[in-house]
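Q: any chance you can model this:
(one chain, ligands or ions: 1)
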Amino acid sequence: MADSFAAQTIESIRRALTARFEAAGIDSAALEARILTGTVLGLDLTGLIAQGLQQLGEDDAARLDALAQRRLAGEPLARILGTKEFWGLPLKLSADTLVPRADTETVVEAALGVLRAEGRMQEPLRIADLGTGSGAILLALLTELSAAAGVGTDLSAAALDTARANARSAGLAARAQFLVSDYADGLSGPFDLIVSNPPYIRSADIPMLAPEVRDHDPHLALDGGLDGLDAYHRIAPQAAALLADGGLLVLEIGQGQGGAVSRLVTAAGLTVMGSVRADLAGIGRAVV
Ligand code: GLN
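A: Down below sits the predicted model:
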């Protein structure tokens, strides 16, 4: 890096870092610069502002510089920090877990919306999260459904270690179980709620993904096969067999997959409720 961060004030470094991130085309440059600076210094936003005129020590400057270089080289901030917030939960990540996306909160919201309308929020619901990764969807649901318990499955045992750690730190370990399994293979129902954010990118599209995704997220969590729909062919009949009467299936989908996924779940004997739920960008993101 041309100019060192040492002997500059925290505030001027934060501004310089923001400018560098902006120049590199990073979307939330100011936010990321603040999070990175705050993490290195162990300060929240208030602390950063209060101590803005203090100078950075050499060790902190070197650490911040090294992390900033990784970000500028295309590594996502969540990977650098090893953590990402989802539904207000600070989730630990590993190389084996997808970075939880804000889009996926659409799945949580869709499920809670139906359960709330049906007056079922306090029931001892049984939940299955197929391909749970870091445990994001299951743990978010358990924070809202205080009498529910659930199981998260994944093909990756390493991902489940991370999910278990996340359940423990969220205080949800007693209600969350994790099993190595191919979607719902070997699970015994009935479940009141089955959720999944399966891999849904067409194999041929993987090389075209943004480098931050392509080079850093596990392809096991992205690659949905030839037409991107492999996972739904597996999950739809499994869910139909495992759902309780009045049970709910909520699936995250990729852009443009609403029709095909709706047809697959209908063919499995389930009924699609309402239209495809859109994410914050207005893209169809969840089928209920
Ligand atoms: N939403 C992810 C992406 O766009 C894909 C996740 C998935 O395949 N389930 O990179």
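Q: going forward, measure contacts between C-alpha atoms and count neighbours the same way
A: OK.
Q: need the contact list for the residue in the stretch 51-200 of the chain that the ligand sits nearest to.
A: Going by CA to the nearest ligand atom, the ligand is nearest to Pro199 of the stretch 51-200 of the chain, at 3.6 Å. When contacts are counted by CA atoms under 8 Å, 6 or more residues apart in numbering, Pro199 touches Leu220, Ala221, Leu222, Asp223, Gly224, Gly228, Ala231.
Q: that one belongs to a strand, doesn't it?
A: No - going by DSSP: H, G, I helix; E, B strand; the rest coil, the assignment for Pro199 is coil, not a strand.
Q: what about the ligand: which of the contacts of Pro199 touch it?
A: Checking the contacts of Pro199 against the ligand by CA under 6 Å from any ligand atom, the ones in range are Ala221, Leu222.
Q: and the contacts of Pro199, which is closest to Pro100?
A: Nearest to Pro100 among the contacts of Pro199: Ala221, at 11.0 Å, using CA to CA.
Q: any idea which element the residue sitting nearest the centre point of the chain lies in?
A: Compute the mean C-alpha point of the chain, and by CA atoms, centre = their mean the closest residue is Pro100, 1.4 Å away. Assigned by DSSP states H and E, Pro100 belongs to no helix or strand.
Q: does Leu140 touch Val108 like I think?
A: Leu isn't right for residue 140; it's Ala. Yes - the pair formed by Ala140 and Val108 meets the contact definition of CA atoms under 8 Å, at 7.1 Å.
Q: so these two - more neighbours on which side?
A: Using other CA atoms under 10 Å, the more surrounded residue of Ala140 and Val108 is Val108, with 23 against 20.
Q: quick one: name the residues of the stretch 101-250 of the chain near the ligand.
A: Contact residues, the stretch 101-250 of the chain versus the ligand (CA under 6 Å from any ligand atom): Asn197, Pro198, Pro199, Tyr200, Ile201, Val213, Ala221, Leu222.
Q: residues contacting the residue nearest to the centre of the chain?
A: Lys84, Glu85, Phe86, Ser134, Ala136.
Q: taking the residues you listed, please make a ChimeraX selection of just the buried ones.
A: Only the buried entries of the contacts of Pro100 go into this ChimeraX selection, using 16 or more other CA atoms under 10 Å:
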select :84,86,134,136
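Q: let's see which of the contacts of Pro100 end up in strands.
A: Lys84, Glu85, Phe86 (DSSP state E).
Q: need those in JSON lines (columns: distance to the ligand and pLDDT).
A: Compiled in JSON lines, the ones in strands among the contacts of Pro100 are given as follows (distance: CA to the nearest ligand atom, whole Å; pLDDT from 0 to 100):
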{"residue": "Lys84", "distance to the ligand": "15", "pLDDT": "95"}
{"residue": "Glu85", "distance to the ligand": "16", "pLDDT": "95"}
{"residue": "Phe86", "distance to the ligand": "14", "pLDDT": "97"}
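Q: related to what we said a few turns ago, which one (most neighbours) among the residues of the stretch 101-250 of the chain next to the ligand?
A: Neighbour counts for these (other CA under 10 Å) peak at Pro198, which has 27 neighbours.
Q: hmm, Val250 is touching Glu105, no?
A: No - contact criterion CA under 8 Å: Val250 and Glu105 do not qualify, at 11.6 Å.
Q: residue ranges of the helices in the chain, please?
A: Using DSSP state H, the helices found in the chain span residues 10-23, 29-41, 45-50, 58-72, 77-81, 105-117, 136-144, 157-169, 211-214, 230-242, 258-267.
Q: which outside residues touch the third one?
A: When contacts are defined by CA under 8 Å, 6+ apart, helix 45-50 is touched by residues Ile10, Glu11, Arg34, Gly38.
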